[in-house]
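Undergrad: Model the following, please.
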Amino acid sequence: MSNKQRLVLSIIDFLNQSIQDGTVKQDDKESLEVAIQCIGEAFGVDPNDQEQVERLSVKPANLLSIFEVFLKTKDKLASPSGAGASASASTSPPVPSGPSAADKAAAEKHKAAGNAHMSAKKYDEAIKAYADAIALDPTNAVYYSNRAAAYSSKGEHSSAVLDAEKAIEV
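TA: Prediction:
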């Protein structure tokens, strides 16, 4: 039930955010609040229970950003260029072997520094550390994913989406 509860909490968060940011008309606010209560009770999710929220939260991501990444990924996989890429790759010249072992080790050190900065909520420093890791090893999707999380935590969601897409591409 935990993954379903995580989804329910994400839906509740999305609905609450829609109330707060004015997406939902004032006339519909009360109806939505009742729906939120019903959904929470039906799945045993209480957005006021901080311990449960910490256990079930998908932050720094949110339902809308996850859905946007899903749609873009789906579109890329359905596009002719996505299907034809593997066919054209066989006729391409050989690709260099990638970053050296020393570059990979240095990139991992930058990633560890970025992780420490994320824990300290120093998002600008984390973004720089992950960018340094990417410069040394652009083939590691984790670096893009981590930088996407840092951007998202900072509220720069469009940059987060671009890095998330790059992580999927890599």
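Undergrad: Tell me which stretches of this structure form helices.
TA: Along the chain, the stretches classed as helices by DSSP state H are 2-20, 29-43, 50-56, 63-78, 80-89, 101-119, 123-136, 141-154, 157-169.
Undergrad: Read off the pLDDT value for the residue lying closest to residue 52 once chain neighbours are set aside.
TA: If the residues on either side of it in the chain are set aside, residue 52 comes closest to residue 46, at 5.9 Å by Cβ to Cβ, 6 or more residues apart in numbering. C-betas here are computed from N, CA, C, even on glycine. pLDDT for residue 46: 93.
Undergrad: what's the neighbour count on residue 46?
TA: When counting by other Cβ atoms under 10 Å, one arrives at 15 neighbours for residue 46.
Undergrad: isn't residue 15 right next to residue 35, touching?
TA: Yes - checked against Cβ atoms under 8 Å, the pair residue 15 and residue 35 is within contact range at 7.1 Å.
Undergrad: what about the nearest residue to residue 131 once chain neighbours are set aside, neighbour count?
TA: What sits nearest to residue 131 in space, not counting adjacent residues and going by Cβ to Cβ, 6+ apart, is residue 147, at 6.6 Å. Using other Cβ under 10 Å, residue 147 is surrounded by 29 other residues.
Undergrad: quick one: contacts for residue 147?
TA: 114, 126, 127, 130, 131, 134, 163 (Cβ atoms under 8 Å, 6 or more residues apart in numbering).
Undergrad: Would you convert the helices of the chain into CSV that also reports mean pLDDT?
TA: Below are the helices of the chain laid out as CSV (pLDDT from 0 to 100):
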stretch, mean pLDDT
helix 2-20, 90
helix 29-43, 90
helix 50-56, 90
helix 63-78, 85
helix 80-89, 48
helix 101-119, 94
helix 123-136, 94
helix 141-154, 91
helix 157-169, 87
